[in-house]
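Novice: Give me coordinates for this.
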Amino acid sequence: MIKYAAFFALSLASAAAAETLDDCRRHKHFGRMTEAKACYTLLTRANTAYLRAEGFWGIGNFKTANEQFKAAVAANKADPNVRVRWGRLFLDNDQPGDAAELFQEALKIKDKYPPALVGLAMVASATFEDKAAEMAKEAASGDPKLVEARELLARLALEDTNPEKAVEEADKALEIAPDALDAM
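Specialist: Alright, predicted model coming up:
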């Protein structure tokens, strides 16, 4: 009986450790905050600085997330995604200038990288720059499945009092991801 209890406990621990960053994001997206927090907490103990950064960000420890992103960039100099995600951390913490620098760095690594373009479009939108829609369109054309670009285009159309365009872009986002809450 003790063997089975130990095996069961080990199985549960393995299943919990098998949660991925996408699992954590899904939990958060669907409002399962207890599961999201547990998932992100597991990521804080991951073997890569990038996953630890995402984990600390997910539990709201922005200072440690920032430190882990620094380490992740040092370990992954050629990966534009690490810089984009670090930029998104800054964007989420009302630091658009720092975010924009990281998005630009990502674009130097990979020209026309859609996630970096969406990040720059978000920065431009937050600072009410006209180029926000242009950048979001460029990101959407570079990656037609990039839901965030379509959601941003829908929001920008609403801000420009163009409800028809907003519905069109929101519908495109929902075609890509039927659970795209911002498009709804």
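Novice: What helix or strand is Pro178 located in?
Specialist: Of the helices and strands defined by DSSP states H and E, none includes Pro178.
Novice: What count of nearby residues applies to it?
Specialist: 9 (other C-beta atoms under 10 Å). (C-beta placed from N, C-alpha, C; glycine too.)
Novice: Could you measure from it over to Ile109?
Specialist: 32 Å (C-beta to C-beta, to the nearest Å).
Novice: Which residue is the nearest non-sequential neighbour of Asn66?
Specialist: Leu89 (6.6 Å; C-beta to C-beta, 6 or more residues apart in numbering).
Novice: That neighbour against Phe69, yeah?
Specialist: Yes - contact criterion C-beta atoms under 8 Å: Leu89 and Phe69 qualify, at 6.4 Å.
Novice: Ranking helices and strands of the protein by mean pLDDT, which lands last?
Specialist: When the helices and strands of the chain are scored by mean pLDDT, DSSP states H and E, helix 2-17 comes last with a mean of 40.
Novice: Mind listing the shared neighbours of Leu89 and Phe69?
Specialist: Common neighbours of Leu89 and Phe69, counting by C-beta atoms under 8 Å, 6 or more residues apart in numbering, are Ala53.
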